[in-house]
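# Please work out how this folds:
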Amino acid sequence: MAPTVAQCPVPHDGVAAAEVDLPCPAADQAAAVGVLLVTSPQRNNQSVMIHYAKHLTKPAEIRAQVHVKFGLDDDAKWYLATDEGRAVLSLDKVSLARFKSLVLVDGEPTTRPLQSPPAIPVFGHAHLLAPEFITPIRKLTAELGPTFALTIFGRRIVVTSDADVVEQVMYESPFFTKKIAGLLGEIQPVGGRGLFTSDTSDPLWAKAHKLLIPGFGTAPLKQYVPEMNHVTQQLTAAIDQQLGEPVMVTEWMTRFTFQTIGMCGFAFDFHLLDAPDAPMHPFIDAMNYCLAEAKVRSSHTRLYKWVPSRTNRKFDASLALMRQTVEEVITHRRANPDATKRDMLNFMLTSKDENGESLDDENIRDQVITFLIAGHETTSTLLSWCLYFLTQYPTVRERVLEEAVRVCGADPTAEITPQQISQLTYITQVLKETLRVRPPVPALGKSCVTSTVLPGGTLVEAGNGVMVNINGLHHSRDLWGPNPTAFNPDHFSKENEAKRHRFAWLPFSTAERACLGMAFAMLEAKVALATLIRKYEFEYPRAEPCTFDPVAVTLKPLDLHMLFHARTELPDPDELAARVQNRPATAMGARPTTELVAPTAPLPIPGIQLVYGSNMGTAEDFCHQLAESAQRFGIKTDMATLDAWVAHEHDIKKDWVHVFITSTYNGQPPDNAVHAAQWLKGAHDLKGLQYAVFGCGNSQWRTFQQFPKFVDERLDALGAERIANFGFGDADGDIEGDFAAYQAVFWVSLQSHFNVGADEKSAAPHPMFTPVPAQQAESVQVEFVDSQSAIPLRPTAAHTAMTLVANRELLTPVAIPGMDAAAAKSTRHIEIALPTDESATTRYREGDHFEVWPEQSPEDAAAVAVHVGADLDAVFSLKTHPGSSVSAKTAAGAIMAAGTSATVRDALTYFADLTGAPTRAVAELVLTKLGETDAAERVRLQDREALKAFASTYRRTLDAILAAPSVTLAEVLAATAATIPRRYSIASAYESHPDTVHLCVGVVSDGVCSRFLQRAEVGHVLYGAVKPCRDAFHLPDDASVPLIMVGAGTGLAPFLGFVAARRARGAVGGDAHLFYGCRHPMHDDLYHAELTAAVDEGVLTGLHVAYSRDPESKAKYVQHAIEQAAETVVPLLLEKGARLFICGSARGMAKDVFKTLATMVAAHVPDHDGERYLAGLQQAGRYVEDVWG
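Below is the predicted model of the structure:
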């Protein structure tokens, strides 16, 4: 049995000695189950073994053993300590396994009593901390100092905001750990055994923590950025409807962050941003109640939650609803696995540890609930406070705007890339300062498990709690200067951060219990802030400052209302920069470039050994990249983890160059480098080994690059020869770019080290590597083949060839006073003949969608073919070059996915999006061909302004390609975006038109598919497929159920199908009202004759049309028509069980209709909450929307 550990009783007054499992000195040592090595530095490092047994004995017996073995006097005073000098002043059964060796220290540890305020019986100081503890803790800190003691219901709590004390407390150690208690103890039923609400000693916490860490690495997080952009645009669309009106900021930030974590984490749409008045999901209402009630419970005795009260019953019901919601999501995902989903849920369902074990569904449920709570609450609080502070500090606001425009461009609707996010340095400082001034979690709890003395003489005993006063730590004058309450983002400049105490800033905790979602939260906040600042001006209308909510679980702003005003124009970036003081030194375009290289001379080495340590896969990925480079240079490589490398220490190839790429985890080695870390501490001979080290990390962590630097230093100390300077990458910036730059440095260092190409007369070597273009000539290769072997190509197997049988214009060209230019656009009635096989791609129901594969015009395809020198009817296949890959999002990737040869005509017609905006790859290709290498380099390095300038010159991909000289077909296909299909609502019914589908298509000026359908002639063969809509958007089986249909513009389409289906089925029993909005009865009153006839036939009960450009119309928009028919609509909804269908714009019409109906319901039935009532209809499937952005 491996030796376990023991401890001696405390020899001084004031600390009770613990009983220990130790036999008396005369006991048979064969009965001992463990041994402790005790060393006395004062006695020439004399060491003795102290044995202990399984059964508890008197505490004096260990004292007797130490006295006997060290020959101490009976009245000698001493205590034990760790090698680092931390006093070990208590023992229990668990303590015996925490220490392998201790030091005997003569004398007594120096302690000082802690001050405490007056207490009352039973409650102690609990009454001082209600209803909120921030203010009283701040006052007590001012009176008693940074560290003092409280007693809460009989338990002693040490409260501290001393950074030196905090540093010892925060790490999991034999002295301190996290045990769930207090408020977290009351939240635990909600979070279960999730990461946030589990003891560190819980084996399931350790297992989940290890499995989930990789899901929050650099690469996984970057894949969430597009979804973060999408949800941010949903947020701005909702805010656009409330411009100039007071907005409850905390509510909208909560909606935004909850929607983001729902979509990124679990692909679950809570529909929180569908409209400004979108109802809260029942899960959120249940969660908010449970959290609020948990805070109430934390200030009561334990009996409170066992009383059969209404509040406790509601808590149980709310908790059950939360669990059921999440369990249904998990069950559905398990039943419908999708390997393409790369969200957190998929990661939890598929991750396995080294034993092949994964998390069970109950724990996954707990983790999901934990992520939903923690993932939205802290970030929404951060963004709310940040927006408020920007209204209070104009200079800061201008600097934020300047950086957002400079890095992300002037268009707030354009997607922000991960590379741009990495350059938002000042915005990062602003967010960090917000977290300092208003930390969402103002205090953290730890439990003492072994009595000890903290810095300054603070005695803390086993069983004591420790409250780390984060808010006090963040406002300490010793750490933050004479005015710590002032909002100053320069606190987080790199220079100031480097000078500050490592534990001065802890909004996300630290060490083993640090928040895994820190990087996710910061990424989400940067996307949101950079978008909002460019789109709106913020106004805080009140004179009094905003304070925090005393009853909220986190440090939320109280009743924070602000006004959002649309920015009519953005200042010129250069003018804006000139107005901003202390502009950051690093500007866009100043980043050094990295050239790809090719070898011109062989290296005199047999190979390169790549050794990595990685928890999240980044370091391993970099090893693969370096291996690919070495392969191109004809150099052999081998790859191993650090642990595997030291496991074969006798087989280390010292004649191979070694490259070590490793991350660090809270300053410790990653999981597959733990043994290597111990091995490197030992005495080994590595003379003759030549090496380089690259470290991966995140500069937001205080332990940035700690372990990689340790590896570098120990290799040097063991005799290895460093042949390249230590390199590192920062995940808080552009770590991929950092590694690309390091690769170039590494290869050049290798050249210099081996003096490759040097002649006898000169020490300077000839270049071993020569620069090649940053844009590779071709990532794919075109091989023309025999045209007789060509297989007719179709876009995808899911789309069938169909014939267009009707295509006519619906709009009447007429001049209407006050009508804008957009009203002149084309709207087409399209009919497409279906195949006769009645396959899944052709059978449809009213309300379904039809998906069309767009085609480029023959003229455009021919122009590109001529430009690249290819015959339209030539047949080719594609292959990737060795060492290259091709994205599935490119035309080349789509063609290769089809797995067949193609004609040039088909490739350019069906697969290459020639009319869409040019991609970054197209811009880089064209600029390189034009010889504008500087601009091409800026585009490659993610310079948004460079790409924007290119797109302003070449609006379409086609225009750009035709401007590039000497471009090849392979280059065009590798750079051009792939065509994607578009969906339209079906405007017919299968009963009346089983052989055709009808579409109503509004032609968009830059629309790839609508323009194709506009020009397509009768008889043209296109590719399409029926895409079923959800069941709720079909007619009810019972024809007597009343219908209310609402649409605007081409949103009328599905209701044409409804009307046709009702006519065919003879469904004239139930009321059916159609509300429709257009511009003018003489211009775009689509299908007026057909709809009027339906009213005459009784298929429609009522037709209500709103005309936005007709001065004589009583209803301007469709919601006004509904309002005017309130006496009809409300009884249908409230009394007759009507089904309500909405089709049209989500931003405008759908939101306004919901608001109008809610007001009508509330006005006609005072006891009804209109919004809640409609939300109930949505849950029941009686209020259904088919809307678009």
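
# So residue 652 versus residue 613, what's the distance?
Plainly put, residue 652 is 16 Å away from residue 613 if you go by Cβ to Cβ, to the nearest Å. C-betas here are computed from N, CA, C, even on glycine.

# which one of the two has more residues nearby?
Neighbour tally, residue 652 and residue 613, criterion other Cβ atoms under 10 Å: the higher count belongs to residue 613, 29 against 17.

# any idea how far the more buried one is from residue 647?
13 Å.

# Return every residue with contacts to both of the two.
Shared contacts of residue 613 and residue 647, defined by Cβ atoms under 8 Å, 6 or more residues apart in numbering, are absent.

# how would you label the closest residue to residue 680 other than its chain neighbours: helix, strand or coil?
Among residues not flanking residue 680 along the chain, residue 714 sits closest, at 4.1 Å (Cβ to Cβ, 6 or more residues apart in numbering). At residue 714, secondary structure determined by DSSP: H, G, I helix; E, B strand; the rest coil is helix.

# what about the helices in the stretch 451-600 of the chain?
Under the criterion DSSP state H, counting those that start in this stretch, helices of the stretch 451-600 of the chain are mapped to 470-474, 477-480, 494-499, 518-535, 573-579.

# Out of the ones you listed, which is closest to residue 401?
Closest approach to residue 401 among the helices of the stretch 451-600 of the chain (Cβ to Cβ): helix 518-535, 5.2 Å.

# Would you mind checking the average pLDDT for the closest one?
Helix 518-535 carries an average pLDDT of 94.

# List the buried residues of it.
Neighbour-count burial for helix 518-535, counted by 16 or more other Cβ atoms under 10 Å, picks out 518-535.

# tell me the contacts of residue 441?
378, 470, 507, 509, 554, 555.

# Kindly provide the distance from the second one to residue 445.
Summarising the geometry, the distance separating residue 470 from residue 445, computed by Cβ to Cβ, is 11 Å.

# ok, back up a step: widest-spaced pair of the contacts of residue 441?
Largest separation among the contacts of residue 441 by Cβ to Cβ: 509 and 555, giving 14.9 Å.

# On the pLDDT front, check residue 201 for me.
You'll see residue 201 listed with a pLDDT of 81.

# what's the answer for the one 4 residues further on, then?
pLDDT recorded at residue 205 is 83.

# Go ahead and confirm it touches residue 193.
Yes - between residue 205 and residue 193 there is a contact under Cβ atoms under 8 Å: 7.1 Å.

# can I see the domain layout of the chain?
The record's domain parsing of the chain by the TED database lists 18-106, 203-566, 608-754, 780-813+823-982, 1031-1187.

# Now render these as CSV, adding distance to residue 991.
As requested, the domains of the chain are exported to CSV (distance: least, Cβ to Cβ, whole Å):
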stretch, distance to residue 991
domain 18-106, 75
domain 203-566, 31
domain 608-754, 55
domain 780-813+823-982, 9
domain 1031-1187, 4
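
# now for these, which one comes closest to residue 1012?
domain 780-813+823-982 (4.5 Å).

# what's the distance between residue 544 and residue 1087?
Counting by Cβ to Cβ, the gap from residue 544 to residue 1087 is 57 Å.

# More neighbours: these two, which one.
Counted by other Cβ under 10 Å, residue 544 and residue 1087 do not tie: residue 1087 has more neighbours, with 19 against 5.

# before we move on, the earlier item: kindly report which one of the domains of the chain carries the lowest mean pLDDT.
Confidence, taken as mean pLDDT, is least for domain 18-106 of those (a mean of 71).

# Which helix in the protein has the most residues?
helix 361-392 (DSSP state H).

# right, and the helix or strand after that helix?
Downstream of helix 361-392, the next assigned helix or strand under DSSP states H and E is helix 394-408.

# now the angle between helix 361-392 and that next one, please.
120 degrees (axes from the mean of the first three to the mean of the last three Cα atoms, to 10 degrees).

# Work out the gap between helix 394-408 and the centre of the chain.
Distance of helix 394-408 from the chain centroid (Cα atoms, centre = their mean, to the nearest Å) equals 23 Å.

# among the domains of the chain, which is nearest residue 143?
Residue 143 lies closest to domain 203-566 among those, at 12.4 Å (Cβ to Cβ).
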